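A.B. asks: sequence plus predicted model, see below.
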Amino acid sequence: MFDYNYLHGYISRTDEYFSYFSCGGVELKVVPARESVNTAVIDSKDIIISRHPLDSSAQNTHAGVVTHIEERENTVILEVDCGFSVKSSITRRSADTLEIRGGAEVFVIFKTSAVRLY
């Protein structure tokens, strides 16, 4: 089963490095884009969950709270509210290691290239 995040918003600005997609009062850094896009799509498998911010090449790090946990055969789907709602697919081991529970404070992390714009 494929789990994609569909976020609705708009390109609020562009600088020399990124365009900024505004949704839910939060800006996502995305690859430079035309202003007419209104949907950002992110595969749940492209989203990293961490208990702390990471120093990495990923340009998007958003603090959030786990609002829903769905256990599947080999994975766990987390729904996180970080000003916008996003789902992340992680392994059971990762969920256990990170001690993920409903209400847990986490960081949602993803690269600009993981965001597809339409």
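C.D. replies: Ah, there it is.
A.B. asks: check contacts around Val66.
C.D. replies: By Cβ atoms under 8 Å, 6 or more residues apart in numbering, the contact list for Val66 reads Leu78, Glu79, Val80, Ile100, Arg101, Gly102, Gly103, Ala104, Val106. Placement of C-beta: from N, CA and C, glycine included.
A.B. asks: separate out the buried members of the residues you listed.
C.D. replies: A residue is treated as buried here by neighbour count (16 or more other Cβ atoms under 10 Å); on that basis the buried members of these are Leu78, Glu79, Val80, Ile100, Ala104, Val106.
A.B. asks: got JSON lines for those residues, with pLDDT and secondary structure too?
C.D. replies: JSON lines is the format used below for the buried ones among the contacts of Val66 (pLDDT from 0 to 100; DSSP: H, G, I helix; E, B strand; the rest coil):
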{"residue": "Leu78", "pLDDT": "98", "secondary structure": "strand"}
{"residue": "Glu79", "pLDDT": "98", "secondary structure": "strand"}
{"residue": "Val80", "pLDDT": "98", "secondary structure": "strand"}
{"residue": "Ile100", "pLDDT": "97", "secondary structure": "coil"}
{"residue": "Ala104", "pLDDT": "98", "secondary structure": "coil"}
{"residue": "Val106", "pLDDT": "98", "secondary structure": "strand"}
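A.B. asks: from the residues you listed, which is closest to His68?
C.D. replies: Nearest to His68 out of the buried ones among the contacts of Val66 is Glu79 (Cβ to Cβ; 3.9 Å).
A.B. asks: parallel or antiparallel, list what pairs with the helix or strand hosting Ser12.
C.D. replies: Secondary structure here is read from DSSP states H and E; on that basis Ser12 sits in strand 10-14. Take DSSP bridges as the rule and strand 10-14 pairs in its sheet with strand 19-23 (antiparallel).
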